[in-house]
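Trainee: show me the folded form of this:
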Amino acid sequence: MDTTKHGRPIAAGRAADAYCAECDAPMSGDEAALNYKLIDKKTTRFLCPLCLGKKMGETPEHLHKMITLFRKQGCTLFSPWKED
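Mentor: The predicted structure follows:
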(Lines give C-alpha, C1' and ligand atoms only; values in the text may rest on other atoms or scores of the structure.)
Protein backbone atom coordinates (compact mmCIF):
# COMPACT_ATOMS: atom_id res chain seq x y z
CA MET A 1 0.00 0.00 0.00
CA ASP A 2 1.25 3.49 -0.84
CA THR A 3 1.85 5.83 2.10
CA THR A 4 2.37 9.54 2.59
CA LYS A 5 5.56 11.06 3.92
CA HIS A 6 4.21 10.43 7.42
CA GLY A 7 3.38 6.76 6.89
CA ARG A 8 -0.40 7.23 6.67
CA PRO A 9 -2.19 5.29 3.95
CA ILE A 10 -2.90 7.40 0.89
CA ALA A 11 -6.19 5.64 0.30
CA ALA A 12 -7.36 3.15 2.88
CA GLY A 13 -10.07 1.58 0.78
CA ARG A 14 -12.47 4.53 0.81
CA ALA A 15 -11.95 8.06 -0.52
CA ALA A 16 -13.16 9.58 2.78
CA ASP A 17 -10.15 7.99 4.49
CA ALA A 18 -7.68 9.73 2.18
CA TYR A 19 -4.87 12.00 3.22
CA CYS A 20 -3.03 14.37 0.91
CA ALA A 21 0.06 12.71 -0.52
CA GLU A 22 1.93 16.05 -0.43
CA CYS A 23 1.01 17.74 2.87
CA ASP A 24 -0.73 14.89 4.75
CA ALA A 25 -3.94 16.91 5.27
CA PRO A 26 -7.08 14.82 5.87
CA MET A 27 -9.56 15.00 3.01
CA SER A 28 -13.31 14.69 2.65
CA GLY A 29 -14.81 12.15 0.30
CA ASP A 30 -15.78 14.89 -2.14
CA GLU A 31 -12.26 16.32 -2.14
CA ALA A 32 -10.86 12.86 -2.93
CA ALA A 33 -13.54 12.38 -5.61
CA LEU A 34 -12.30 15.55 -7.31
CA ASN A 35 -8.97 13.75 -7.83
CA TYR A 36 -10.85 10.90 -9.50
CA LYS A 37 -12.70 13.38 -11.72
CA LEU A 38 -9.77 15.60 -12.70
CA ILE A 39 -6.80 13.23 -12.64
CA ASP A 40 -7.77 9.57 -13.04
CA LYS A 41 -10.59 7.35 -11.80
CA LYS A 42 -8.01 4.75 -10.73
CA THR A 43 -5.79 7.12 -8.75
CA THR A 44 -4.60 6.11 -5.30
CA ARG A 45 -2.50 9.24 -4.76
CA PHE A 46 -4.84 11.99 -3.59
CA LEU A 47 -4.07 15.70 -3.30
CA CYS A 48 -5.96 18.13 -1.08
CA PRO A 49 -7.55 21.18 -2.76
CA LEU A 50 -4.54 23.34 -1.88
CA CYS A 51 -1.95 20.96 -3.38
CA LEU A 52 -4.19 19.99 -6.32
CA GLY A 53 -4.79 23.68 -6.99
CA LYS A 54 -1.05 24.37 -7.06
CA LYS A 55 -0.58 21.53 -9.55
CA MET A 56 -3.43 22.74 -11.78
CA GLY A 57 -2.97 26.50 -11.39
CA GLU A 58 -6.33 26.92 -9.61
CA THR A 59 -7.35 28.21 -6.20
CA PRO A 60 -8.81 25.86 -3.58
CA GLU A 61 -11.95 28.01 -3.63
CA HIS A 62 -12.38 27.39 -7.36
CA LEU A 63 -11.92 23.64 -6.84
CA HIS A 64 -14.60 23.65 -4.13
CA LYS A 65 -16.93 25.45 -6.55
CA MET A 66 -16.20 22.68 -9.07
CA ILE A 67 -17.17 20.09 -6.44
CA THR A 68 -20.50 21.89 -5.93
CA LEU A 69 -21.07 22.05 -9.69
CA PHE A 70 -20.36 18.33 -10.16
CA ARG A 71 -22.64 17.48 -7.22
CA LYS A 72 -25.48 19.61 -8.68
CA GLN A 73 -24.98 17.89 -12.04
CA GLY A 74 -25.50 14.54 -10.33
CA CYS A 75 -22.01 13.10 -10.83
CA THR A 76 -22.04 9.86 -8.84
CA LEU A 77 -18.41 10.29 -7.72
CA PHE A 78 -19.62 12.96 -5.29
CA SER A 79 -22.09 12.99 -2.42
CA PRO A 80 -25.68 13.68 -3.54
CA TRP A 81 -26.75 17.31 -3.85
CA LYS A 82 -29.50 18.42 -1.49
CA GLU A 83 -31.27 21.76 -1.87
CA ASP A 84 -31.31 23.82 1.36
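
Trainee: could you use CA atoms for every contact and neighbour count after this?
Mentor: OK.

Trainee: ok, longest helix in the protein?
Mentor: If you go by DSSP state H, the chain has its longest helix at helix 60-73.

Trainee: excluding chain neighbours, what is closest to residue 80?
Mentor: Excluding its sequence neighbours, the residue lying closest to residue 80 (Cα to Cα, 6 or more residues apart in numbering) is residue 71, at 6.1 Å.

Trainee: from memory that neighbour sits against residue 64, does it?
Mentor: No: the criterion here is Cα atoms under 8 Å, and residue 71 misses it with residue 64 at 10.6 Å.

Trainee: low pLDDT regions in this protein?
Mentor: 1-17, 84 (pLDDT under 70).

Trainee: hmm, who's touching the longest helix of the chain?
Mentor: For helix 60-73, the surrounding residues in contact (Cα atoms under 8 Å, 6 or more residues apart in numbering) are 30-31, 34, 49-50, 52-53, 78-81.

Trainee: the more surrounded of residue 71 and residue 64?
Mentor: residue 71 (18 against 15; other Cα atoms under 10 Å).
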